[in-house]
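# Provided below for reference: sequence and predicted model.
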Amino acid sequence: MRRKLIVAVALTAAVGAGGVPAIADTAQPRVVSEHPVGYTPQVQDGTVDALALVGHTVVVGGDFTSVADAAQTTYHHRRSLFAYDLTTGVLTPFAPQVDGVVLALAAGPDNTVYAGGTFHTVNGVRQAGVTQLDVGTGARVAGFGATTDNGDVRALAYRAGWLYLGGLFSRLDGQPRAALARVNGTSGALDPGFDLGLAAPDFRYTKVVGLALNPAGNRLVALGVIESAGGVRRAQLVMADTGTGRVADWYTDAYDNECWSGFDTYLRAVDFSPAGDYFVVVSTGRYSAPDRMCDTAARFETAGTGLHRPTWVNHTGGNTLFVVDVTGPAVYVGGHQQWLDNPYGQKTAGPGAVYRPGIGAIDPVRGTALAWNPTHSRGVGVQALLSTPAGLVVGSDTVQMGHEYHARLGMFPTG
């Protein structure tokens, strides 16, 4: 869910739109190694749900209370947020105090990060759902005043001075907004010109669980409990034109069906390609069948208008995918899946299935699994992926990746 540029592994201070360092939007030029680095911090409990890169600093969000250095010799109390150096793993002083779970992060301008989640106070100040923090000090950026009136924030995307928020809320800054809003990235003021009018009349609520902006910043994709947008049918997925603030003339009926009645939405995450010519959606679903989109990764082209069908679909065979990161050479997916290339599996290995527990990589053109197979202990599953110049950072609720002990956090290097 980040704008990505294919670059060499470098940590230069180039600056992109809105003052955000271009490093925060970097993808790898090749498939990463299967062998994790040995210096990432060890998260002692809970789950890592969100990751962002601001300069050389990785910001980590989730539902946890304690983190240690790589050798687990020094322990630090960190509730829901901490940060560390990308290339050394050394924890920084960043330790803001929030009273809830952090579910989403987005790199902001001027060495800041936006955080979204279930919290209601930040460093003792009332601010619900979303905040902006100084990465150097952990201080709340007081000028940013956005706050939700109810619910929570589950997805964030920042570009060119605007912050997009998705979640389970119906009001923001005292004004009605169903699950999706855009605010000024400096002041947090709600943009009155951006309201997609999301609705889900067959449910008790509307909810956005995933957001992605294309590299140009002119198209936004949102996923979740959505049945219509701007008065037109949009089943679980909507594309918006950010310039006009209106629903785009692009849609798919691929998700206009049910997987299992227990899911209000079975879509989980979306990410654009580095060139913006396609995006990939991952899902849960429980029900497995070759002609359904449950428990899949699927590529959609962005060109053209009207009805779009997926270019390819990769099935896990009945296991959830929670997260996706498209880097150019690979489409990385994470969850608690056991297999890829498995359209005939029913939580079993069907014909042609390849073993890819917890994490895998898909060829962006063919849509089939790449040979990359480091393995990851499954648990609930991998919840966060972040491509950086140094490697692919992975966050989860388990303690083994690449056949090594890495507690809830690790990185596969580009070297």
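Everything's here; your move.
# ok, Pro176 - contacts?
Counting by C-beta atoms under 8 Å, 6 or more residues apart in numbering, Pro176 makes contact with Ser170. Bear in mind the C-beta positions are built from the backbone N, C-alpha and C, glycine included.
# in the sheet, who's paired with it?
Beta-bridge partners for Pro176, by DSSP bridges, are Arg171.
# so how far is Thr148 from it?
Going from Pro176 to Thr148 by C-beta to C-beta, to the nearest Å gives 12 Å.
# cool, and Leu211?
In this structure, Leu211 lies at 15 Å from Thr148, with C-beta to C-beta as the measure.
# One more: Gln28?
Noted for Gln28: a distance of 35 Å to Thr148, by C-beta to C-beta.
# Same question for Gly415.
42 Å.
# more crowded one of those two?
Neighbours were counted for Gly415 and for Thr148 using other C-beta atoms under 10 Å; Thr148 has more, 24 against 11.
# contacting residues for that one?
Ala128, Gly129, Val130, Gly167, Phe169, Arg171, Leu172.
# what's the answer for Trp339, then?
Trp339 makes contact with Thr316, Gly317, Asn319, Gly345, Ala349, Ala353, Val354, Tyr355, Arg356 under the criterion C-beta under 8 Å, 6+ apart.
# which residues does Ile54 bridge with?
No, residue 54 isn't Ile; it's Val. Beta-bridge partners, per DSSP bridges, of Val54: Thr57.
# ditto for Gln132
Gln132 has these beta-bridge partners by DSSP bridges: Tyr114.
# Which pLDDT value goes with it?
The score at Gln132 is 98. That number is its pLDDT.
# Roughly how far does it sit from Asn150?
According to C-beta to C-beta, Gln132 stands 20 Å off from Asn150.
# So for those two, which sits in the more crowded spot?
Gln132 (27 against 11).
# The more buried one and Tyr266: what is the separation?
For Gln132, the distance to Tyr266 (C-beta to C-beta) stands at 32 Å.
# Likewise for Ala390?
Counting by C-beta to C-beta, the separation of Ala390 from Tyr266 is 33 Å.
# Pull the contacting residues for Val135.
Counted by C-beta under 8 Å, 6+ apart, Val135 has contacts Val54, Gly55, Thr57, Val59, Ala83, Thr92, Phe94, Asn111, Thr112, Val113.
# who's Ala269 bridged to?
Listed by DSSP bridges, the beta-bridge partners for Ala269 are Val282.
# What degree of burial does Gly38 show, as a neighbour count?
Neighbours of Gly38 under the rule other C-beta under 10 Å: 12.
# Hmm, I typed the wrong one, I wanted Asp149.
15.
# Tell me how far it lies from Arg177.
For Asp149, the distance to Arg177 - C-beta to C-beta - is 9 Å.
# So for these two, which residues contact both of them?
Phe169, Ser170, Arg171.
# Restricted to buried residues, select those residues in PyMOL.
Of the shared contacts of Asp149 and Arg177, the buried ones go into a single PyMOL selection, burial set by 16 or more other C-beta atoms under 10 Å:
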select buried, resi 169+171
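# pLDDT value on the nearest residue to Gly352 once chain neighbours are set aside, please?
In space, and not counting its chain neighbours, Gly352 is closest to Asp341: 5.3 Å by C-beta to C-beta, 6 or more residues apart in numbering. For Asp341, the pLDDT comes out at 98.
# quick check, distance from the helix or strand hosting Ala83 to the centre of its chain.
Assigning secondary structure by DSSP states H and E places Ala83 in strand 81-85. Relative to its chain's centre, strand 81-85 lies at 17 Å (C-alpha atoms, centre = their mean, to the nearest Å).
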